[in-house]
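> The sequence and its predicted three-dimensional model are supplied below.
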Amino acid sequence: MSIISNGNVGIGTTSPDSTLHVAGSTHLSNSAGTEVLRIAKADGDTREIVLENEGADVASIYLNSAEHLFIRQENASNDLCLRIAATNAIRIDGSTSRVGIFNDSPAQTLDVTGIGQI
């Protein structure tokens, strides 16, 4: 660990260029020692942030070597939601892969509640 004169702290580096600079994978754990967040460079050039629950991956955001951004829900039976305030603006049903826009229970492949235009 390094602390340089400007107050920057480096872990795994002797020349930190920000307030906290960690070289290598970063793992954050709760008080029981269970990992809850991992920031790492995965296979190849993939960079990834992984959220965990009880030691199992539950969701991740990653950028692959082709610079494509992915949001992944690890459990196929769980829904993926994009929220605005307290409202699910977009919900992808994990068990059916149906998409609801302002609709929490999509009955069709694409189910829009409200005025839409295609």
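Yep, it's here.

> Toward the C-terminus from the least confident helix or strand in the chain by mean pLDDT, list the very next helix or strand.
Taking mean pLDDT, DSSP states H and E as the measure, the chain has strand 35-41 as its least confident helix or strand, at a mean of 72. Later in the chain than strand 35-41, the nearest helix or strand by DSSP states H and E is strand 47-53.

> could you list every residue that touches Ser105?
Asp111 (CB atoms under 8 Å, 6 or more residues apart in numbering). Backbone N, C-alpha and C define where each C-beta goes, glycine included.

> how much space between it and Ala85?
Per CB to CB, to the nearest Å, Ser105 is found 20 Å from Ala85.

> which residue sits closest to Ala59 in space, ignoring its chain neighbours?
Nearest non-adjacent residue to Ala59, counting by CB to CB, 6 or more residues apart in numbering: Leu51, 4.7 Å away.

> give me every residue that touches the one you found.
Leu51 touches Val36, Leu37, Asp57, Val58, Ala59, Ser60, counting by CB under 8 Å, 6+ apart.

> From those, keep the buried residues only.
The neighbour-count test (16 or more other CB atoms under 10 Å) marks Val36, Ala59, Ser60 as buried among the contacts of Leu51.

> ok, back up a step: save the contacts of Leu51 as TSV, and put in distance to Arg98 too.
Below are these laid out as TSV (distance: CB to CB, whole Å):
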residue	distance to Arg98
Val36	30
Leu37	30
Asp57	24
Val58	21
Ala59	19
Ser60	22
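
> Closest one to Cys81 out of those residues, please.
Ala59 (11.2 Å; CB to CB).

> quick one: the closest one from Gly114, how far?
27 Å.

> What of Pro16?
Distance, Pro16 to Gly114, by CB to CB: 49 Å.

> So between the two, which is more surrounded?
Just comparing Pro16 and Gly114: by other CB atoms under 10 Å the higher neighbour count belongs to Pro16, 21 against 7.

> Skipping its backbone neighbours, what lies nearest that one in space?
Nearest non-adjacent residue to Pro16, counting by CB to CB, 6+ apart: Gly10, 3.3 Å away.

> does the one you found sit in a helix or strand, and which one?
Counting by DSSP H and E, Gly10 is found in strand 9-11.
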